[in-house]
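Enquirer: what's the 3D shape of this:
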Amino acid sequence: MKRFIAIATFISILPFTGLALALDLDIKSHQLPNGLKILILEDHALPICTYFTFFKVGSRNERPGITGISHLFEHMMFNGAKRYGPKEFDRILESNGGLSNAYTTNDFTAYFEDFPSDKLELIVDLDADRLENLLLNDENLASEREVVKEERRFRTDDSNEGKLEEELTAAAFQAHSYGWPVVGWMADLDAITREDCVNYFKTYYAVNNATIIIVGDVNPAQAVKLIEKYYGHLKPGPAIPKVVKNEPEQKGERRVWFRKEAQLPAFMTGFHVPDVQDEDIYTLDVLQIILTEGESSRLYKSLVYDKQMATNVWSFYFWTVDPGLFYIYVGMKPNFTTEQAEKVLYEELEKIKNVRRR
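Expert: Here you go, the predicted model:
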């Protein structure tokens, strides 16, 4: 980790941690002539399935003026199509014992359903219908725009936690699209038009930009036949616009103070780290655990127990297509300053650096 951004502020953030495990799985892989990729893991332990559709598009693929459109589409995709009309997707799925959800990241958008395994063909039909015939009209856009704007208010504008993360990210990236929030800027959400949505959908929601993953009580050969039946006639979309890795090298520390009403101060520090193709990502996964995973971790023990400066300490790190950030958060106790806790944090990091050199 060569460069960093530090932020001291009067707010806090909720933690997220993750651990990737290498497993020896018998995954069946297939690709349709139109470019749709299929991965299937057969597991008959229970009569259920999980069906994921990943689209290789996230906030990384946006531009100023339409930031947040990837997340907006996460909502738009549930508004009906040709065979299954408005609000029918979840109604039909849930009436057949299933459930669905979706999420958007910097790098991709994912949709998934959990359901009884004998309903697989229904699920394939539901998902193929909205990919082929999604209802994109001004009424749906206006409705979902307001839903997304309210989500932004709740999670960012009116949230100490969300605003801190947004300020950190904006300071960390001066040129790259990772610098704007996945939820988008409010002015851009207001400006997105139906034409923007149609162009976006044609470009990124194409079979050649999608991967379907099925796990559970499924026969791989039969599943591929079903997907060929409902997706095989769809034509691939245009070439995906290239995202330029245009972030200039950071030459020194960047520090932002953000003041917002709260009971206690807090701060986050972000370190620039390599992309998912770099072998150091595994080291960073381990480092995240060593630093803040559990009450015996180095930073938690030092700042919360030994010095009793902080109420909580955590870190999170996501694998990203382009170089991203490693975050460390410290929530303060009364009568201590963020400067004092920051000094302890860097002392602990230096200890780890010195251990590595031995």
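Enquirer: count of neighbours near the nearest residue to residue 78 once chain neighbours are set aside?
Expert: Distances taken as CB to CB, 6 or more residues apart in numbering put residue 89 closest to residue 78, at 5.4 Å, once the chain neighbours are dropped. (Glycine included, C-beta is placed from N, CA and C.) Applying other CB atoms under 10 Å, we find 22 residues neighbouring residue 89.
Enquirer: what residues are up against residue 89?
Expert: 78, 80, 100, 126, 130 (CB atoms under 8 Å, 6 or more residues apart in numbering).
Enquirer: and the third one, that's in a strand?
Expert: Yes - under DSSP: H, G, I helix; E, B strand; the rest coil, residue 100 falls within a strand.
Enquirer: who's in contact with it?
Expert: Contacts of residue 100 (CB under 8 Å, 6+ apart): 89, 90, 93, 111, 112, 113, 114.
Enquirer: low-confidence ranges in the stretch 151-300 of the chain?
Expert: Applying pLDDT under 70 to the stretch 151-300 of the chain flags no residue at all.
Enquirer: show me the strands in it, by range?
Expert: Taking DSSP state E, counting those that start in this stretch as the criterion, the stretch 151-300 of the chain contains strands spanning 210-216, 254-258, 266-273.
Enquirer: just say which of the ones you listed is most tucked in.
Expert: Ranked by mean neighbour count, the strands of the stretch 151-300 of the chain are led by strand 266-273 with a mean of 23 (mean count of other CB atoms under 10 Å).
Enquirer: chain neighbours aside, what residue packs nearest to the residue sitting nearest the centre point of the chain?
Expert: Nearest to the geometric centre of the chain sits residue 105, at 2.6 Å (CA atoms, centre = their mean). Once flanking residues are discounted, residue 105 sits nearest to residue 58: 5.0 Å by CB to CB, 6+ apart.
Enquirer: ok, that neighbour to residue 138 distance?
Expert: 25 Å (CB to CB, to the nearest Å).
Enquirer: more neighbours: the two, which one.
Expert: Using other CB under 10 Å, the more surrounded residue of residue 58 and residue 138 is residue 58, with 23 against 10.
Enquirer: now the longest helix along the chain: how far from the chain's centre is it?
Expert: Counting residues, the longest helix found in the chain (DSSP state H) is helix 338-357. Chain-centre distance of helix 338-357: 29 Å, with CA atoms, centre = their mean, to the nearest Å.
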